[in-house]
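Peer 1: requesting a structural model of the entry that follows:
(one chain, ligands or ions: 1)
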Amino acid sequence: MNKPAHDMFPEANHDELSQQAFLRSFMMHIYEKVMPGNDVLYQSKIKPQFEKEFGREPVTRKEVREALGKEPYNQMWSSLMRTSQEMMYSTVRPSIERQMPALKQKASALKDEANTKSNPVGSLSLDPELEIPSYHTHADIHCKPGGYHTKTHDGDFLAGAEFDRTVMVYFHGKTGPLADDMGLSLARWIKENNPEFDPAAILDMGCTIGHSSVPYTDVYPDAEVHAIDVAAPCLEYGHYRAEALGKPVHFSQQNAEKTNYADGSFDLIVSHILMHETSHKALENIIAECHRLLKPGGLMIHMDVVGAPDPFGQYLCEWNAHYNNEPYMGGLQDEDFPTLFSEAGFVKDSFFMEQIESVHLPKTMPEVMAAKRAEGVVIGIGYYTIIGSRKAAS
Ligand SMILES: C[S@@+](CC[C@H](N)C(=O)[O-])C[C@H]1O[C@@H](n2cnc3c(N)ncnc32)[C@H](O)[C@@H]1O
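Peer 2: Numbering: from 1, shown residues only. Predicted coordinates:
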């Protein structure tokens with residue numbers, strides 16, 4: 001966990017590492033040993049009780065939440081989850097603050113190096129006038145203090161550096177040495193399933209620090225890769241990170257609901273867990289913007305935490321809306337994506353929603369996972385849900 005994957009990666013000294021290792025073990029304990037108790041409780045008590053009272057199984061996540069939420073065991077699990085999430089930032093942030101002067105020096109050296117090149121690797125364009133959407137300013141998303149966008153001074157990229165380290169702590173490096181599993185998995189899936197498709201311009205929306213944007217430069221080395229986000233400190237850190245890796249990504253601070261790119265600028269538009277962090281209205285705007293930005297025949301694919309097959313799985317997603325400051329995670333489960341996409345102009349017959357395999361994570365099908373969890377055994381999921389459509393060819 002402490003081995004830097006690139007020159008900008010924040011390290012941890014002995015004590016910080018020990019705190020982060022404790023936190024990681026604490027989180028794993030909650031996931032592996034405490035969380036499965038919810039499945040057992042649901043199957044053995046909540047569901048039979050509900051059936052007795054209403055003559056049917058629970059069919060909505062709300063029904064599951066209301067019944068499970070009364071159970072002290074479920075309340076304990078919720079409380080541990082929330083506490084561990086808050087602890088992640090209270091543990092990692094002081095370590096990043098300590099390193100900011102050194103990280104800024106590294107960034108400055110990268111800037112100097114880029115200025116001496118006749119053909120710089122990537123680029124960064126910030127817009128201090130950009131209005132941060134209210135769905136970001138109203139809550140610190142997943143308890144990250146100040147969210148993704150807060151900066152206290154010019155050149156402050158702490159929120160981005162912190163994101164890099166917390167992702168590594170959260171997944172214990174299982175999403176790859178560059179934490180690029182989502183982008184790498186999707187980029188490779190696109191290439192394998194569309195061998196003739198050769199995008200010249202790619203846009204990654206809601207890129208944060210570009211974990212998922214960078215893999216597109218490897219899978220499609222001839223393409224120009226652009227990445228947008230509303231959060232300046234994440235984009236700034238992401239730019240230095242990509243430069244340190246020598247990967248050509250063009251980062252730009254823009255709202256995906258309304259960008260400044262010309263009509264038909266891209267062959268491929270992707271996002272990786274952006275949708276659940278936007279409101280329903282914003283999502284409608286983003287899909288319409290994707291349609292405007294794609295060339296005829298262009299492809300749009302969004303990856304997100306949707307498609308749980310039963311109300312219990314949907315409840316687990318929705319839990320984040322109630323207890324982890326991810327207000328739209330519940331509503332996203334109810335979106336009618338085929339209608340949303342076709343109303344924005346996408347070809348109805350081209351709609352697809354499927355599970356793709358992760359490159360790095362261990363793979364186990366959801367039904368096997370549910371059965372194993374009920375036995376108290378936890379295994380990785382290793383699959384991502386993707387939803388996409390094409391713009392008409394002419
Ligand atoms: C969960 S993070 C995405 C993670 C990232 N795609 C990755 O693969 O590592 C969600 C990101 O979406 C950004 N975001 C949310 N709404 C946005 C919008 N309307 N336009 C641009 N970015 C947005 C947030 O600032 C945040 O950085």
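
Peer 1: can you count the residues close to residue 175?
Peer 2: Using other CB atoms under 10 Å, residue 175 has 21 neighbouring residues. From N, CA and C alone the C-beta is placed, and that goes for glycine too.

Peer 1: does it touch residue 181 like I think?
Peer 2: Yes - using CB atoms under 8 Å, residue 175 makes contact with residue 181 at a distance of 3.8 Å.

Peer 1: who touches both of the two?
Peer 2: Shared contacts of residue 175 and residue 181, defined by CB atoms under 8 Å, 6 or more residues apart in numbering, comprise 360-361.

Peer 1: tell me which parts of the stretch 151-300 of the chain are close to the ligand?
Peer 2: Neighbours of the ligand within the stretch 151-300 of the chain, by CB under 6 Å from any ligand atom: 182-183, 205-208, 211-212, 228-231, 234, 255-257, 272-274, 277-278, 282.

Peer 1: in strands only, show me those.
Peer 2: Of these, the ones assigned to strands by DSSP state E are 205, 228-229, 272.

Peer 1: output the lowest mean pLDDT helix or strand found in the protein.
Peer 2: Among the helical and strand segments of the chain, the one scoring lowest on mean pLDDT, DSSP states H and E is helix 366-374, with a mean of 60.

Peer 1: next SSE downstream of it?
Peer 2: strand 383-390 (DSSP states H and E).

Peer 1: so what strands line up beside that next one?
Peer 2: Strand 383-390 sits in its sheet next to strand 294-304 (antiparallel), strand 352-357 (antiparallel), going by DSSP bridges.

Peer 1: and the residue nearest in space to the middle of the chain, what is it in contact with?
Peer 2: Closest residue to the average C-alpha location of the chain: residue 273 at 3.6 Å, with CA atoms, centre = their mean. Residue 273 makes contacts with 182, 206, 303-305, as judged by CB under 8 Å, 6+ apart.

Peer 1: measure it to residue 304 for me?
Peer 2: Going from residue 273 to residue 304 by CB to CB, to the nearest Å gives 5 Å.

Peer 1: phi and psi next, for whatever residue of the stretch 1-150 of the chain ends up closest to the ligand.
Peer 2: Closest residue of the stretch 1-150 of the chain to the ligand, CB to the nearest ligand atom: residue 148 (4.0 Å). Backbone dihedrals for residue 148, given as degrees, to the nearest 10, come out at phi -80, psi -20.

Peer 1: what about it, how many neighbours?
Peer 2: By the criterion of other CB under 10 Å, residue 148 has 25 neighbours.

Peer 1: swap in residue 193?
Peer 2: Using other CB under 10 Å, residue 193 has 11 other residues around it.

Peer 1: ok, it - contacts?
Peer 2: By CB under 8 Å, 6+ apart, no residues touch residue 193.

Peer 1: ok, now how distant is it from residue 348?
Peer 2: Using CB to CB, one obtains 20 Å as the distance from residue 193 to residue 348.

Peer 1: centre of the chain to the helix or strand where residue 108 lies, how far?
Peer 2: Following DSSP H and E, one finds residue 108 within helix 72-116. Chain-centre distance of helix 72-116: 16 Å, with CA atoms, centre = their mean, to the nearest Å.

Peer 1: helices and strands around that helix, which ones?
Peer 2: helix 14-29, helix 36-41, helix 158-171, helix 232-245, helix 311-323 (3 or more CB pairs under 8 Å, 6 or more residues apart in numbering; DSSP states H and E).

Peer 1: pick the most deeply packed of those helices.
Peer 2: For the helices and strands packed on helix 72-116, average neighbour numbers computed from mean count of other CB atoms under 10 Å are highest in helix 232-245, which has a mean of 26.

Peer 1: by how many degrees do it and helix 158-171 diverge?
Peer 2: Angle, helix 232-245 to helix 158-171, by axes from the mean of the first three to the mean of the last three CA atoms, to 10 degrees: 70 degrees.

Peer 1: residues of the next helix-or-strand element following helix 232-245 that come out buried?
Peer 2: Per DSSP H and E, helix 232-245 leads on to strand 249-253 as the next helix or strand towards the C-terminus. Buried positions in strand 249-253, judged by neighbour count with 16 or more other CB atoms under 10 Å: 249-253.

Peer 1: of those residues, closest to the ligand?
Peer 2: residue 253 (8.6 Å).

Peer 1: any idea what that closest one is bridged to?
Peer 2: Residues in beta-bridge contact with residue 253 (DSSP bridges): residue 229.

Peer 1: that one reaches residue 229, doesn't it?
Peer 2: Yes - counting by CB under 8 Å, residue 253 touches residue 229, with 6.8 Å between them.

Peer 1: any residues in contact with both of those two?
Peer 2: By the contact definition CB under 8 Å, 6+ apart, residue 253 and residue 229 are jointly contacted by residue 235.

Peer 1: point out where this structure drops to low pLDDT.
Peer 2: Per-residue confidence for the chain (pLDDT under 70) gives these ranges: 1-3, 118, 364-380.

Peer 1: again, 50 this time
Peer 2: Scanning the chain for pLDDT under 50 picks out 377-380.

Peer 1: was I right to think residue 41 contacts residue 70?
Peer 2: No - using CB under 8 Å as the test, residue 41 is too far from residue 70 to be in contact (10.8 Å).

Peer 1: burial of residue 105, as a residue count?
Peer 2: 10.

Peer 1: check whether residue 152 sits in a helix, strand or coil.
Peer 2: Classification of residue 152 by DSSP: H, G, I helix; E, B strand; the rest coil places it in coil.

Peer 1: show me the contacts for the nearest residue to it once chain neighbours are set aside.
Peer 2: Nearest residue to residue 152 in three dimensions, chain neighbours excluded: residue 158, at 8.0 Å (CB to CB, 6 or more residues apart in numbering). Contact analysis of residue 158 by CB under 8 Å, 6+ apart lists 93, 96-97, 100, 151-152, 233.
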